[in-house]
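Undergrad: Quick one, what's the 3D model for this:
(one chain, ligands or ions: 1)
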Amino acid sequence: MISLRNLSTTFTTGGNDPVTAVDDVSLEIDRGSIQGIIGFSGAGKSTLLRNINLLERPTSGEVIIDGVDLMELSDEELRQARHQIGMIFQGFNLVNNLTVAQNVELSLKFAGVAKAHDRRVRVAEALEIIDISDKATVYPAKLSGGQQQRVAIARALATRPRVLLCDEPTSALDPFTTATVLQYLADINRELGITVVVVTHEMEVIKALTDHVAVMESGRIVERFAAKRLQDKTFEPTTAIGRYLVSDGIHVDRRQQHDVDEASTAELAVGGRV
Ligand SMILES: Nc1ncnc2c1ncn2[C@@H]1O[C@H](COP(=O)(O)OP(=O)(O)OP(=O)(O)O)[C@@H](O)[C@H]1O
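TA: Numbering: from 1, shown residues only. Sure thing, here's the model as predicted:
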């Protein structure tokens, strides 16, 4: 359903050397599946995710969703296509001076849902799915982080998307709230058939939520595996970074990342990288 083909994204800012954040990535994501993308900070995960809705336009490659290459669309066609792709962020990105209902309604206004009645129906529907209807008239500042993320999910769902992109959706949340938000994402995927792509640096999120895993390093996907293999205690990823992420679980600090970088570099030198 989503085919990313030979995607590359290079940033050229000021007088700095160009940074290739995504380097010739190809990935097929099945309709209705949950694809996880994991890797250390700076691996290119967020850029790749933002490539999928062209929030960050790739420098080259194809982004094909249901047979349509978004890279080939006119601005207006792309605007329409984006209504099929919801997105949530680590920082929730709610508008603080709008109520919960108004935040959700905003996405419908942007999507061109002209009739106020239609918008009201769809706001109520989205809040209901995420069990937050009782907070409709509340402002974001009065909500917990988990509630704010649920409002952000409702906002993303209001346009009835086929794809939901999640950029570190639980990184700002405590473990209990994380579990709740992940459960909602799993329910949305199962009950509404929405394809979910989730970027995270937390292996716990991968284990709890995803069907397929892609490991990123230095802008490339270096390894892929089915998430259910993580249940198998004898499973060993083929790359050093994959092994490290699987063995460690949650949150990896910079010093540890350095160790893995060295291991990966050594592996690359002997041609061991996927
Ligand atoms: N707008 C930008 N301009 C210049 N460089 C950028 C830009 N966005 C990202 N980069 C660089 O691209 C590389 C990949 O960044 P990206 O945010 O995609 O990685 P990430 O794996 O999502 O990291 P994190 O987990 O810290 O968010 C980094 O070196 C980053 O500094």
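Undergrad: all strands for this structure, in order.
TA: Ranges of strands in the chain, per DSSP state E, are 2-11, 19-29, 34-38, 60-65, 68-69, 85-89, 163-167, 195-200, 212-217, 220-226.
Undergrad: same for the last one, what does it pack against?
TA: Read it as strand 220-226. strand 19-29, strand 212-217, helix 240-248 (3 or more C-beta pairs under 8 Å, 6 or more residues apart in numbering; DSSP states H and E). C-beta coordinates here come from the backbone N, C-alpha and C atoms, glycine included.
Undergrad: now, of these, which is deepest in the fold?
TA: Of all the helices and strands packed on strand 220-226, strand 212-217 carries the top mean neighbour count, a mean of 24, counting by mean count of other C-beta atoms under 10 Å.
Undergrad: quick one, what contacts the residue lying closest to Arg119 once chain neighbours are set aside?
TA: Counting by C-beta to C-beta, 6 or more residues apart in numbering, Arg119 lies nearest to Leu108, which is 4.6 Å off, once chain neighbours are set aside. By C-beta atoms under 8 Å, 6 or more residues apart in numbering, the contact list for Leu108 reads 118-119, 122-123, 158-159.
Undergrad: Mind checking which of these are buried?
TA: Those of these that meet the buried threshold are 119, 122-123, 158-159, by 16 or more other C-beta atoms under 10 Å.
Undergrad: gap between the residue in the stretch 101-250 of the chain that the ligand sits nearest to and Gln102?
TA: Of all residues in the stretch 101-250 of the chain, the one sitting closest to the ligand is His201 (5.5 Å; C-beta to the nearest ligand atom). In this view, His201 and Gln102 are 32 Å apart by C-beta to C-beta, to the nearest Å.
Undergrad: neighbour count winner among these two?
TA: Neighbour totals were compared for His201 and Gln102, and His201 leads with 20 against 16 (other C-beta atoms under 10 Å).
Undergrad: quick one, phi psi at that one?
TA: With angles defined as degrees, to the nearest 10, His201 sits at phi -110, psi 10.
Undergrad: what pLDDT does it get?
TA: pLDDT recorded at His201 is 89.
Undergrad: Look up the closest residue to Ala226, ignoring the ones flanking it.
TA: Leaving aside its chain neighbours, Ala226 sits nearest to His212 (6.1 Å; criterion: C-beta to C-beta, 6+ apart).
Undergrad: Looking at that neighbour now. What's its pLDDT?
TA: On the pLDDT scale, His212 gets 96.
Undergrad: Quick check, it in contact with Gly32.
TA: No - the pair His212 / Gly32 is not scored as a contact, 11.8 Å apart, by C-beta atoms under 8 Å.
Undergrad: if I look at Ala124, how far off is Asp174?
TA: Shown here: Ala124 relative to Asp174, a distance of 29 Å by C-beta to C-beta.
Undergrad: Between the two, which has more neighbouring residues?
TA: Ala124 (15 against 11).
Undergrad: Distance of the more buried one relative to Lys135?
TA: Distance of Ala124 to Lys135, computed by C-beta to C-beta: 13 Å.
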